[in-house]
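Colleague: Fold the following, please.
(one chain, ligands or ions: 2)
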Amino acid sequence: MNPVVKSMNPVVQPLSVEQALGPSADKFLIKQPTQEQAEEAVRTLILWAGDDPSREGLVETPRRVAKAYKEFYKGYQEDADEILDRVFEEVEGYRDMVLVRDIPFSSHCEHHMVPFVGKAHIGYYPSEGVVGLSKLARIVDVYARRLQTQETMTAQITQTLERVLKPRGVAVLIEAEHMCMSMRGVQKQGSSTMTTQYTGLFREPAEQVRFFTMVKSAGL
Ligand SMILES: Nc1nc2c(ncn2[C@@H]2O[C@H](COP(=O)(O)OP(=O)(O)OP(=O)(O)O)[C@@H](O)[C@H]2O)c(=O)[nH]1
Ligand SMILES: [Zn+2]
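Modeller: Numbering: from 1, shown residues only. Ligands and ions are numbered 1, 2, ... in the order given. I've put the predicted structure just below:
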């Protein structure tokens, strides 16, 4: 039986998309709803699920969900180009591939807002210096913590490295499991999706083989 749902606060209404977007559809001009409006939207979804947002176990949930959203989607507040603004040039002429593999990430697909979780592997051939290794992992998080598809995320990471570092080549491989395919819908647990994007030297098939072999070779 459905729980009895008490009336909700009539004053706070969730912001409509039109209100949030204003006259422009430019996503960077989106007016952020207030915390209260975000919490009200969560209450609406709890009702939609069929539960009572005013019962004890759920009464704090809208506040927690709003807080969690700040974390899940903090990439909108971050600028990937700024993260890469420091290049180390004193590397004794090192010019071979730099590969950071097995960078774990969790993201949310833009179609269902359900998690997809996996690993990113990033390789590049430096031109005028190298970038801090942790910065590559930070770039992954900037895009993972937004709504998008795995393909978009792969392309965005590649384009950012290409634009800012101007390397001789970039290779990005992402493998992930999409909860929208395992927890719901077609319900295929364990299937994974791989996406790749290559630029510069990595357009050569032999370089792609080398990259893939290094990604999949035995670890430490
Ligand atoms: N290409 C791509 N598709 C994705 C990604 N994340 C989720 N999807 C897919 O997005 C599609 C959305 O399809 P729709 O038919 O519009 O939505 P749906 O009725 O929920 O589809 P089902 O998941 O098949 O139930 C699904 O096939 C998902 O598997 C992604 O990162 N990349
Ligand atoms: Zn999905």
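Colleague: quick one, helices of this protein?
Modeller: 17-21, 35-49, 61-72, 80-83, 133-144, 150-165, 179-182, 205-216 (DSSP state H).
Colleague: Report the buried residues of the last one.
Modeller: Meaning helix 205-216. For helix 205-216, a neighbour-count test (16 or more other C-beta atoms under 10 Å) marks 207-208, 210-211, 215 as buried. (C-beta placed from N, C-alpha, C; glycine too.)
Colleague: quick one on the thing from earlier: please produce TSV containing the helices of the chain, extended by mean pLDDT and distance to L173.
Modeller: As requested, these are exported to TSV (pLDDT from 0 to 100; distance: least, C-beta to C-beta, whole Å):
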stretch	mean pLDDT	distance to L173
helix 17-21	58	35
helix 35-49	97	35
helix 61-72	98	23
helix 80-83	94	18
helix 133-144	97	12
helix 150-165	97	8
helix 179-182	97	19
helix 205-216	98	6
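Colleague: interface residues of the protein facing ligand 1?
Modeller: Within the chain, the positions adjacent to ligand 1 are 109, 111, 149-151, 178, 180-181, 185-186 by C-beta under 6 Å from any ligand atom.
Colleague: Let's have those in TSV, adding neighbour count.
Modeller: Below are these laid out as TSV (neighbours: other C-beta atoms under 10 Å):
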residue	neighbour count
C109	20
H111	12
T149	16
Q150	19
E151	12
H178	23
C180	16
M181	20
G185	13
V186	8
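Colleague: just checking: which of these also lie near ligand 2?
Modeller: For ligand 2, the contacts drawn from the residues of the chain next to ligand 1 by C-beta under 5 Å from the ion are 109, 111, 180.
Colleague: export the residues you listed to CSV and tack on distance to G50?
Modeller: Output for those, formatted as CSV (distance: C-beta to C-beta, whole Å):
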residue, distance to G50
C109, 24
H111, 23
C180, 21
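Colleague: just curious, which of these is nearest to R86?
Modeller: C109 (32.1 Å; C-beta to C-beta).
Colleague: Can you spell out which residues form a bridge with that closest one?
Modeller: Q148 (DSSP bridges).
Colleague: how about it, what does it touch?
Modeller: 115-116, 147-150, 178, 180 (C-beta atoms under 8 Å, 6 or more residues apart in numbering).
Colleague: Which residue does the chain have closest to ligand 2?
Modeller: Closest residue of the chain to ligand 2, C-beta to the ion: C180 (2.8 Å).
Colleague: what's that residue in contact with, if anything?
Modeller: C180 neighbours (C-beta under 8 Å, 6+ apart): 109, 111-112, 114, 116.
Colleague: And for the residue nearest to Q197 when sequence neighbours are not counted, the neighbour number?
Modeller: Counting by C-beta to C-beta, 6 or more residues apart in numbering, T158 is the residue found nearest to Q197 once chain neighbours are left out, at 4.1 Å. T158 sits with 20 neighbouring residues when counted by other C-beta atoms under 10 Å.
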